[in-house]
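K.L.:
I would like to see how this sequence folds:
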Amino acid sequence: MNKKDSLPLDEGPFYHGTKAILETGDLLTTQYNSNYGSGKKANYIYMTATLDAAKWGAELAVGDGPESIYIVEPMGSFEDDPNLTDKKFPGNPTRSYRTQQPLKVVGKVLDWQGHSAQELQHMHDHLEKLKQQGIEAIND
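P.N.:
As a prediction, this is how the structure comes out:
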């Protein structure tokens, strides 16, 4: 839901890409460290309504588990992800959101194709430049 009014921002379905091993019924909460930046405790859980953005989440997440994309259901209100909706990306083209409420795992995407090695390298290079500039994910 949008904080400004009670209309839903997006009807979904929603996805969460990760290397965590999850089961249907599990709740994703804010008690874990972020997959990005310096790995601080995350104040938000992230989801997207596009499979492409979920692929990036799975491919860029830290951890040793398999890259996975889960279908999730928000258990409360959510807002646009400010990391992807700033002046550089007006609007919300990736349909990416964040919430402080749990996300419930309701399924798993079993058949998906990841980004090419070249696309992954380009993204890793970009993230490294941001890190060198001291740019962190917005966590407040």
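K.L.:
shaky segments in the chain?
P.N.:
1-8, 33-40, 87-89, 135-140 (pLDDT under 70).
K.L.:
does the residue nearest the centre of the chain count as helix, strand or coil?
P.N.:
Nearest residue to the geometric centre of the chain (Cα atoms, centre = their mean): residue 46, 3.9 Å. At residue 46 the chain is in strand, as set by DSSP: H, G, I helix; E, B strand; the rest coil.
K.L.:
any idea how far it is from residue 13?
P.N.:
15 Å (Cβ to Cβ, to the nearest Å). Bear in mind the C-beta positions are built from the backbone N, C-alpha and C, glycine included.
K.L.:
So residue 50 is in contact with residue 94, correct?
P.N.:
Yes - with contact defined as Cβ atoms under 8 Å, residue 50 reaches residue 94; the gap is 5.8 Å.
K.L.:
The two: which has the busier surroundings?
P.N.:
Neighbour count, other Cβ atoms under 10 Å: between residue 50 and residue 94, residue 94 has more, with 19 against 15.
K.L.:
Spatially nearest residue to that one (excluding sequence neighbours)?
P.N.:
For residue 94, ignoring the flanking residues on the chain, the nearest one in space by Cβ to Cβ, 6 or more residues apart in numbering is residue 53 at 4.3 Å.
K.L.:
Now for residue 13: which residues touch it?
P.N.:
Neighbouring residues of residue 13 by Cβ atoms under 8 Å, 6 or more residues apart in numbering: 49, 71.
K.L.:
tell me the phi and psi of it?
P.N.:
Per-residue torsions, residue 13: phi -70, psi 160 (degrees, to the nearest 10).
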